[in-house]
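Asker: kindly generate the corresponding structure for this input.
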Amino acid sequence: MSKFLTAERLKASVEALSDTQAKGALLDFLVVKRTIAIKGAASVAMATGEPAFVQAACELASVHNTARPAPTAVKEYFVPFTVNTDKGGFRKGKWFSNGTGSTIGGTSWANVISLSSDSPRQASLAEGYDAHLADLMLKEATRATSKPALGELAVWTYRHADIEPILGSEPSPLQRGKLLQERLIADLGLTNNEIDVLFDKPELALEDSDLSTSAADPANYLTGLAVLVTTTAAPAGVDCSLDLVAALAAKPFVILSGTSGTGKSRSSLRLAEALQSHYAGSINGQIFQLVPIGPDWTSPKKLLGYRTPFGPTRKRADGSETNESYEITETLRIILRACHKDSTKVPHFLIFDEMNLSHVERYFAPFLSLMEASNILDDGESAPIVDRQALGVISEILDIEDKGSPEAESARLLVERDQPLTLPPNLFYVGTVNVDETTYMFSPKVLDRAHVLEVHAMKPSQYVAGGASGPCIDLAPANELLRGAIDDREVRTANNADPTAIIDLLASKHGVNHGELQAAKALTLNALDGCFHLLSPTGFEFGFRVVKEVYEYLHVWIKAQLGMGLTPADAMKTWNDGLDRAIFQKVLPKIHGNRSVLGDSLKALAAFLDGGDGSSDPAAKYTLGVNAVFQIAPGQALPVLPRTFKISSAKLDSMHSRLVTRNYTSFIK
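Answerer: Residues are numbered from 1 along each chain as shown. Got it, this is the predicted structure:
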């Protein structure tokens, strides 16, 4: 009699696999292993023309037990390790043709998979690959997660199969589980070392209630199936800026504003240098670059370099001579180092000093566009910072300079794998800003794509005593927070149609009380709605990106508190501090204008953040024009004490004072 796993047992397996350290890369590795096992060869083509690959992809990922590459919008494939990402585990039909085969061509896979130059390319396991499995396929460990259980993977793998030939008439639940795991190990060709590195091995029990005489309907164990897709520890003892680390972990682009000499560059360099020291034994080359911006920068050439036909004569690998060359900048070298196969988990930094000495929109345009595109597109290669042709020239030049340098190795590997250079998820950007008669104001496009922090001058006695200008975080949790952000960007955890969804991970992954979290989410939405209501008449309403990034920041903020040793309950007591910073960094920076544009809107907004409404004193209410009145209704006031949002309220007060005395104000002085 046929034996199939029930929908209830399969649903439990999906839930168990999703709540682990595993990344989607683990499934790609298993597809490679299964393809090799089916083919019975050391190297195989990971392409739709290879029957062994088709079978492997179908067994491990297909929703409907068949390989169907179209229609591409339908949820045809499922990766159980990525249920908590923006895709909810599902992959579009096109995953079949550009999923595993494309993924393993990335530089981060070079230590695990070797690719030939054939067409189609043949994939094989690289020498010493098993030493690199954990870094590539497992996230940083947290209290709430563990490695996936081998038995649960077996349940998932045989979800479509009649397992009677495997189990026979065995009546013992534990023996059934053992037989299923043994078959999985054989079918995938898993080695003992692979199992030890990637999986936990608790006993698997298959009860009679876990078995059925017919295959389960995927719609009964894969939530949302019918919907179409539309859319290492650092050393302690080194203090870093908590605000800077949290902002970078939430968004890789941070702008630091403040008076000249207040330590804007110092705080960024302190973090980068501390991490450089920590990773010194495991990487080759510098992980950060200070880039002084010139007043004559009118294009991206100063950052990314450019091709030129007038270089010195050189010989190519084929013996031909050419004068084609490329002006390689230090910025480009850092990007290449960040892409190096041994450095993909290491934070790298570009620190732009006096970023607004030139028009940022001109020289920084590719970064502004591609930082966003790389978080949206399924295919990262569609958002290159340097195309394949230019990269080929760069690789030739770097090989001549120093073939063993990390940037040369990275460029060479990208060329070998026919990939362009894209912005890697482990690259972070910090820009410092001074405002005087020699500088340019940022446009809303720039401010909208960054977290904006303000660095205040300290008293001379604080400087002498070596005091910090704000809250600090030790390097150990700072490093963990940034590495976690890299993991999240690799799988684009935050790209969800519901911007609040990422907050729910604090309950499911980090032990935060669900009720407390819902109350905090309601307060946050109330605060954002009130800010929007009071700012939209002045033309400074904000869009989806700001809302989404406020929630992303709060997710990181609570994780930072947990990383510094607070209990979940105590961490949630700091929620309003995080929300205060998020409003300051994401809602207020674009506000600027004269009295006729702003009226008393800033004063009203400060009153609202202090818990006021249209009838309070001071009132969250203002008049614009002749008789247009805008206010917060009594039922919409925030249930907070005055100065709960002290950073944002103080900033609004100072901006309003400048508006009254000078008839003009802006966030960045």
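Asker: and Asp577, what is it in contact with?
Answerer: Counting by CB atoms under 8 Å, 6 or more residues apart in numbering, Asp577 makes contact with Trp557. The C-beta positions use only the backbone N, C-alpha and C, and glycine is treated the same way.
Asker: so it, which of the three states?
Answerer: Three-state assignment for Asp577 (DSSP: H, G, I helix; E, B strand; the rest coil): helix.
Asker: tell me where the model's unsure across the chain.
Answerer: Within the chain, the ranges that satisfy pLDDT under 70 run 67-74, 85-87, 141-145, 226-238, 374-382, 462-469, 492-497.
Asker: now stretch 415-422 - C-alpha only, PDB.
Answerer: Taking Å, rounded to 0.1, in the frame of the first residue of the first chain, the C-alpha atoms of stretch 415-422 are listed here in PDB:
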ATOM      1  CA  VAL A 415      35.400  37.800 -15.700                       C
ATOM      2  CA  GLU A 416      35.800  34.000 -15.600                       C
ATOM      3  CA  ARG A 417      32.200  33.700 -14.600                       C
ATOM      4  CA  ASP A 418      31.000  36.200 -17.100                       C
ATOM      5  CA  GLN A 419      29.500  38.500 -14.400                       C
ATOM      6  CA  PRO A 420      29.500  42.300 -14.100                       C
ATOM      7  CA  LEU A 421      30.500  44.100 -11.000                       C
ATOM      8  CA  THR A 422      27.600  44.900  -8.700                       C
END
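Asker: which residues touch it?
Answerer: For stretch 415-422, using CB under 8 Å, 6+ apart, the contacting residues are 105-107, 115, 117, 335-336, 339, 370, 374, 380-381, 383-388, 391-392, 395, 411, 414.
Asker: need the phi and psi values for Cys240.
Answerer: Backbone torsions for Cys240, taken as degrees, to the nearest 10, come to phi -130, psi 160.
Asker: report the separation between it and Arg489.
Answerer: To Arg489, Cys240 is 20 Å away according to CB to CB, to the nearest Å.
Asker: what do you get for Ile583?
Answerer: To Arg489, Ile583 is 24 Å away according to CB to CB.
Asker: which one of those two is surrounded by more residues?
Answerer: The neighbour comparison of Ile583 against Arg489 (other CB atoms under 10 Å) goes to Ile583, with 25 against 20.
Asker: hmm, the more buried one is touching Leu609, no?
Answerer: Yes - with contact defined as CB atoms under 8 Å, Ile583 counts as touching Leu609 (7.4 Å).
Asker: any shared contact partners between these two?
Answerer: Here Ile583 and Leu609 share the contacting residues Ala527, Phe645, Ser648, scored by CB under 8 Å, 6+ apart.
Asker: which residues of the stretch 1-150 of the chain fall in strands?
Answerer: Remark: strands assigned in the stretch 1-150 of the chain by DSSP state E, counting those that start in this stretch are 4-5, 43-45, 75-78, 90-92, 113-115, 122-125.
Asker: what does the helix or strand Ala607 falls within contact?
Answerer: Take DSSP states H and E as the rule and Ala607 turns out to sit in helix 601-609. Outside helix 601-609, the residues that touch it by CB under 8 Å, 6+ apart are 527, 530-531, 534-535, 537-538, 583, 591, 616, 618-622, 624, 630-632, 637-638, 640, 644-645, 648-649, 652-653, 655-656, 659, 665.
Asker: need the contact list for Ser214.
Answerer: Ser214 makes contacts with Ser2, Phe4, as judged by CB under 8 Å, 6+ apart.
Asker: assign it to helix, strand or coil.
Answerer: What three-state DSSP gives for Ser214 is coil.
Asker: so how far is Leu206 from it?
Answerer: Here Ser214 is placed at a distance of 16 Å from Leu206 (CB to CB).
Asker: correct me if wrong: Tyr306 contacts Ser325.
Answerer: No - if you go by CB under 8 Å, Tyr306 and Ser325 don't touch, sitting 9.7 Å apart.
Asker: those two: which has the busier surroundings?
Answerer: Neighbour tally, Tyr306 and Ser325, criterion other CB under 10 Å: the higher count belongs to Ser325, 20 against 14.
Asker: Asp318 versus that one, what's the distance?
Answerer: 17 Å.
Asker: got it, and Tyr158?
Answerer: Remark: distance between Tyr158 and Asp318 (CB to CB) = 51 Å.
Asker: likewise Lys341?
Answerer: In terms of CB to CB, Lys341 sits 26 Å off from Asp318.
Asker: which one of the two is surrounded by more residues?
Answerer: Between Lys341 and Asp318, Lys341 has the larger neighbour count (other CB under 10 Å), namely 19 against 5.
Asker: from memory that one sits against Ser114, does it?
Answerer: No - under the criterion of CB under 8 Å, Lys341 is not in contact with Ser114, lying 11.6 Å apart.
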